[in-house]
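1. Sequence and predicted structure are below.
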Amino acid sequence: MRALVCGVLVVGFAALSPLLALAVQGAASGASAAEPPGYTTRTPSRDGIGKVYMGREISRVMGHLGAGWLERPERERQERTDLFVERLSLERDDVVADIGAGTGYFAFPVAERVPDGRVLAVDIQPEMLALIEDRRARLGVANVEPVLGSVTDPNLPAGAVDLAFIVDAYHEFSHPWEMARGIHRALRPGGRLVLVEYRGEDRTVPIKPLHRMTEAQARRELEAAGFAWLRTDDYLPWQHVLVFEKPAPAAD
Ligand SMILES: C[S@@+](CC[C@H](N)C(=O)[O-])C[C@H]1O[C@@H](n2cnc3c(N)ncnc32)[C@H](O)[C@@H]1O
């Protein structure tokens with residue numbers, strides 16, 4: 001199990017230097033949907049980038065050399081990834097965004113559930129998108145579209161997405177508020193954001209601390225970006241599944 005945990009963390013330091021070079025904003029307090037938040041800095045811990053948001057140090061990005069770990073055969077059994085896909089309530093023609101899609105581990109099975117819709121698979125690493133593109137071409141899948149995002153913007157069309165999901169990636173977003181606002185913009189009113197993070201409250205989850213989040217922390221951060229929390233489901237062995245909504249504007 002320890003090797004598995006290390007697998008999350010050993011990879012991808014080449015992808016980090018741009019993050020480490022980020023100009024971190026000053027220490028203004030609080031965040032709201034309308035205003036950019038105050039990020040603070042600390043001495044980076046082993047797995048962190050030294051940038052702190054609402055008391056949480058942001059973790060390093062998993063580089064593309066970690067692709068094998070994401071695709072490990074035992075993942076479905078350990079994390080019940082099949083159950084996650086099954087429990088996403090989707091319509092055949094939904095437009096879905098997989099943010100921090102990595103190898104497309106979730107994008108492809110989700111695409112099968114939206115045969116008349118599409119999955120926009122967003123990542124900041126071109127190497128990850130190349131893996132998705134290879135698989136898409138090899139399997140002849142027409143409804144998965146790789147999208148190159150930036151650290152501050154998922155680069156999605158406004159109001160076009162029915163459901164966005166983020167699995168094991170939000171904790172490594174170097175600009176979590178900006179990303180959450182970008183996802184909020186991309187969702188249609190009433191659209192949902194499903195956030196999956198390893199449970200920070202549960203010491204038995206064999207994942208290093210900065211790669212986990214508590215439910216309270218995740219709620220605090222997403223609510224600060226304008227999302228309404230609907231519920232937290234705990235049907236997965238290691239992860240919380242938090243469901244948020246982009247509130248529809250009130251009728252006159
Ligand atoms: C640990 S991997 C998880 C991949 C996939 N969601 C899965 O569970 O198999 C996290 C991914 O998030 C991506 N990522 C990090 N920051 C990002 C950002 N701001 N926007 C989009 N993707 C990002 C990384 O490049 C990496 O591919």
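-> Alright, I've got the coordinates.

2. going forward, measure contacts and count neighbours with C-alpha atoms only.
-> OK.

3. Just the pLDDT for the residue nearest to E201 when sequence neighbours are not counted.
-> The shortest distance from E201 to any non-neighbouring residue, by Cα to Cα, 6 or more residues apart in numbering, is to T214 (5.6 Å). Note on T214: pLDDT of 98.

4. For T214, list the residues it contacts.
-> For T214, the contact set (Cα atoms under 8 Å, 6 or more residues apart in numbering) comprises R199, G200, E201.

5. What is the neighbour count of the last one?
-> Read it as E201. 13 (other Cα atoms under 10 Å).

6. Which of the helices or strands spans it?
-> In this assignment (DSSP states H and E), E201 forms part of neither any helix nor any strand.

7. List phi and psi for it.
-> Phi and psi for E201, reported as degrees, to the nearest 10, are phi -80, psi -10.

8. one step back: show me which of the contacts of T214 is closest to Y39.
-> Y39 has its nearest neighbour among these in G200, at 20.8 Å by Cα to Cα.

9. Hmm, the closest one is touching A216, no?
-> No: using Cα atoms under 8 Å, G200 is not in contact with A216, being 9.6 Å away.

10. Looking only at neighbour counts, state which of those two leads.
-> More crowded of G200 and A216, by other Cα under 10 Å: G200, with 23 against 10.

11. gap between that one and K246?
-> Using Cα to Cα, to the nearest Å, G200 is found at 25 Å from K246.

12. Check L131 too.
-> Following Cα to Cα, the distance that separates L131 from K246 is 31 Å.

13. in this protein, which helix or strand is least confident?
-> Scoring the helices and strands of the chain by mean pLDDT, DSSP states H and E places helix 17-20 at the bottom, with a mean of 30.

14. after it, next one along is what?
-> strand 40-41.

15. I'd like the average pLDDT over that next one.
-> 95.

16. Remind me what it packs against, helices and strands.
-> strand 48-53 (3 or more Cα pairs under 8 Å, 6 or more residues apart in numbering; DSSP states H and E).

17. can you give me how far the strand it packs on is from the chain middle?
-> 17 Å (Cα atoms, centre = their mean, to the nearest Å).

18. Give the pairing partners of that strand; include direction for each.
-> Partners of strand 48-53 in the sheet, by DSSP bridges, are strand 40-41 (antiparallel), strand 56-59 (antiparallel).

19. can you put those strands in TSV and add distance to the ligand and mean neighbour count?
-> Shown next, in TSV, are the strands paired with strand 48-53 (distance: least, Cα to the nearest ligand atom, whole Å; neighbours: other Cα atoms under 10 Å):
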stretch	distance to the ligand	mean neighbour count
strand 40-41	18	17
strand 56-59	10	24
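
20. Please list the residues of the stretch 1-150 of the chain that sit near the ligand.
-> 61-62, 70, 99-102, 105, 122-125, 149-150 (Cα under 6 Å from any ligand atom).

21. Once you drop chain neighbours, what's closest to G50?
-> P44 (3.7 Å).

22. part of a strand, is the one you found?
-> No: applying DSSP: H, G, I helix; E, B strand; the rest coil, one finds P44 to be coil, outside a strand.
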